[in-house]
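Asks: I need the structure of the sequence given here:
(one chain, ligands or ions: 1)
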Amino acid sequence: MKNHIAIYISNNDDKLQLIEQIISGAIFKELKDLKHGLFSEISLNKFIDEEIIHGHFDVRTETKNSLLHSSEGERKKALLNHIILQKPDYIIADNVFGNLDVAKQADIEKTFSDLSNETQIIQITNRKDDILQFITKTYKLQDKTLVEFNLKETSQTNQNMRFVEALPQPYRPISEKINPLVKFNKVSVSYQERPIITDISWEIKRGEFWQLIGANGSGKSTMLSMIYGDNPKAYGQDIILFGVKKGSGESVWDIKKKIGYFSSEMLRGFKRLDSIGNMIVSGFFDTVGLYKTPTNEQIKITEQWLHVLQMYAIRKQSFLDLSKGHQRLVLIARAMVKHPPLLILDEPTNGLDDSDAKLFSELINKIAKETDTAILYVSHRKEVGLNPDFIYELTLSEKGSVGGKI
Ligand SMILES: Nc1ncnc2c1ncn2[C@@H]1O[C@H](COP(=O)(O)OP(=O)(O)OP(=O)(O)O)[C@@H](O)[C@H]1O
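Replies: Okay, here's the model as predicted:
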């Protein structure tokens with residue numbers, strides 16, 4: 001049997017450097033000069049960038065779609081098939097299950113398990129529950145070197161961080177009149193005559209906390225893009241956003257002003273050098289980075305958020321120097337400073353380690369409890385400790401996904 005290895009990392013570890021060291025043979029000498037396959041978001045991003053820049057697809061999904069226009073589940077499957085065709089001597093498997101629904105997780109686990117008979121697997125994960133069953137040895141990073149890790153060990157990170165301070169009072173009270181905030185009436189969308197969602201009727205009212213779930217490819221991102229984005233498929237549909245019929249003259253910016261938005265994709269390729277404080281205050285202007293001078297009131301609210309996050313003392317430090325988990329807390333504060341009627345969180349915990357995911361859920365529960373902002377939380381994972389009021393589920397079908405409250 002091959003010796004399959006898992007490396008359990010936290011969001012404070014430098015994953016990119018770890019991968020480079022594995023590939024160069026600096027960590028496992030026996031891998032030097034062997035052919036590797038990298039199953040990771042890093043490879044996916046590279047292929048997607050190539051699609052955008054050169055317009056050709058090296059990797060295609062089973063439906064012959066480009067990666068850019070595919071769901072996360074389709075992308076991962078396509079990448080793994082591509083890697084298998086290259087016949088690598090070993091595969092680095094990073095965040096194997098991130099963004100996958102339960103059925104796709106089982107599918108990909110089976111593929112890796114079959115592969116493990118012939119190919120060595122080196123798994124990198126920040127979730128203990130994700131460690132593949134055939135793994136024979138687990139390590140963690142300590143001072144940049146690998147040490148053996150016992151899965152029963154508890155992680156100490158973030159144990160002292162709790163959100164004790166109250167959240168800031170509303171900047172502008174949300175109008176009583178706008179209710180429901182979002183209304184879909186028999187909405188259907190197809191791409192190239194392939195039905196994606198069918199007859200979706202759904203309402204989100206003030207202050208409600210919804211989780212949107214559904215298998216990969218069931219149309220969750222499509223639904224979000226009709227609320228938040230400028231998906232042309234939204235026009236001509238019976239969608240009412242903040243009391244105004246979609247397509248009746250409002251601009252995307254009018255809608256975006258009323259929505260706080262966070263997606264784990266926002267951090268893809270993010271390189272701006274902003275301080276933590278500037279990052280939060282920029283949320284008032286719907287820009288990333290600060291281009292306008294904030295008012296005294298805006299500065300005061302930003303400072304209150306910094307206190308909630310226990311980051312006031314480090315407010316002038318660079319946002320990029322924060323751990324991935326703490327960067328997300330800052331981006332949630334950025335989405336919330338303007339006190340939007342609706343906060344959208346798109347796969348927000350993807351890539352977070354156990355301890356940061358717990359902290360993140362605590363902040364979201366606090367927002368749900370202390371503000372009248374409605375929350376729309378899209379995720380496959382049932383996050384331990386997250387308490388939505390309602391769950392809306394999309395169920396795949398040949399005629400397009402149907403939806404309903406469960
Ligand atoms: N612009 C597009 N052109 C063609 N097909 C598309 C386009 N956008 C989405 N699709 C297809 O629509 C389906 C639904 O995609 P969507 O991203 O909404 O699903 P999802 O539930 O968010 O999936 P995941 O959880 O995997 O991200 C997928 O099969 C996808 O390939």
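Asks: quick one: low-confidence parts of the stretch 1-150 of the chain?
Replies: Along the stretch 1-150 of the chain, the model assigns pLDDT under 70 to residues 1.
Asks: Residue numbers of it in contact with the ligand?
Replies: N65, H69, S70, S71, E72, G73, E74 (C-beta under 6 Å from any ligand atom). Bear in mind the C-beta positions are built from the backbone N, C-alpha and C, glycine included.
Asks: Give the buried subset of those residues as a PyMOL selection command.
Replies: Selection of buried members from these for PyMOL, criterion 16 or more other C-beta atoms under 10 Å:
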select buried, resi 65+70+71+72+73+74
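Asks: Please name the nearest non-neighbouring residue to the residue in the chain that the ligand sits nearest to.
Replies: Nearest residue of the chain to the ligand (C-beta to the nearest ligand atom) works out as S71 at 2.9 Å. Once flanking residues are discounted, S71 sits nearest to G217: 4.2 Å by C-beta to C-beta, 6 or more residues apart in numbering.
Asks: ditto for V281
Replies: T302 (4.4 Å).
Asks: doesn't M279 make contact with that neighbour?
Replies: No. If you go by C-beta atoms under 8 Å, T302 and M279 don't touch, sitting 9.5 Å apart.
Asks: Just the ones of the residues of the stretch 1-150 of the chain next to the ligand in strands?
Replies: Judged by DSSP state E, strands contain none of these.
Asks: Point out where the stretch 301-406 of the chain drops to low pLDDT.
Replies: In the stretch 301-406 of the chain (pLDDT under 70), the answer is 381.
Asks: let's see it at 80
Replies: 351, 380-384 (pLDDT under 80).
Asks: quick one: contacts for S275?
Replies: R315, K316, Q317, S318, F319 (C-beta atoms under 8 Å, 6 or more residues apart in numbering).
Asks: Just the buried subset of those, please.
Replies: The buried subset of these - by 16+ other C-beta under 10 Å - is R315, F319.
Asks: Closest one of the contacts of S275 to T222?
Replies: Nearest to T222 among the contacts of S275, counting by C-beta to C-beta, is F319 at 30.6 Å.
Asks: Name the nearest residue to the closest one, sequence neighbours excluded.
Replies: F319's closest residue in space is M279 (C-beta to C-beta, 6+ apart), at 4.6 Å.
Asks: now the one you found: how far from Q304?
Replies: 15 Å (C-beta to C-beta, to the nearest Å).
Asks: now swap in P232 and tell me
Replies: 39 Å.
Asks: So between those two, which is more surrounded?
Replies: More neighbours surround Q304 than the other of P232 and Q304, with 18 against 10 (other C-beta atoms under 10 Å).
Asks: Wait, a helix at the more buried one?
Replies: Yes. According to DSSP: H, G, I helix; E, B strand; the rest coil, Q304 belongs to a helix.
Asks: ok, now which ones touch it?
Replies: Taking C-beta under 8 Å, 6+ apart as the criterion, Q304 is in contact with E165, L167, P168.
Asks: N185 is in contact with D199, correct?
Replies: No. D199 lies out of contact with N185 (C-beta under 8 Å); the separation is 9.3 Å.
Asks: now the helices for this protein?
Replies: 15-24, 41-54, 72-85, 102-115, 220-227, 252-257, 276-281, 296-308, 324-336, 354-370 (DSSP state H).
Asks: Now render these as JSON lines, adding distance to I391.
Replies: What follows is the helices of the chain, written out as JSON lines (distance: least, C-beta to C-beta, whole Å):
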{"stretch": "helix 15-24", "distance to I391": "32"}
{"stretch": "helix 41-54", "distance to I391": "27"}
{"stretch": "helix 72-85", "distance to I391": "19"}
{"stretch": "helix 102-115", "distance to I391": "14"}
{"stretch": "helix 220-227", "distance to I391": "12"}
{"stretch": "helix 252-257", "distance to I391": "24"}
{"stretch": "helix 276-281", "distance to I391": "30"}
{"stretch": "helix 296-308", "distance to I391": "27"}
{"stretch": "helix 324-336", "distance to I391": "21"}
{"stretch": "helix 354-370", "distance to I391": "14"}
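Asks: Deepest-packed of those, please.
Replies: Ranked by mean neighbour count under mean count of other C-beta atoms under 10 Å, the helices of the chain are led by helix 276-281, which reaches a mean of 25.
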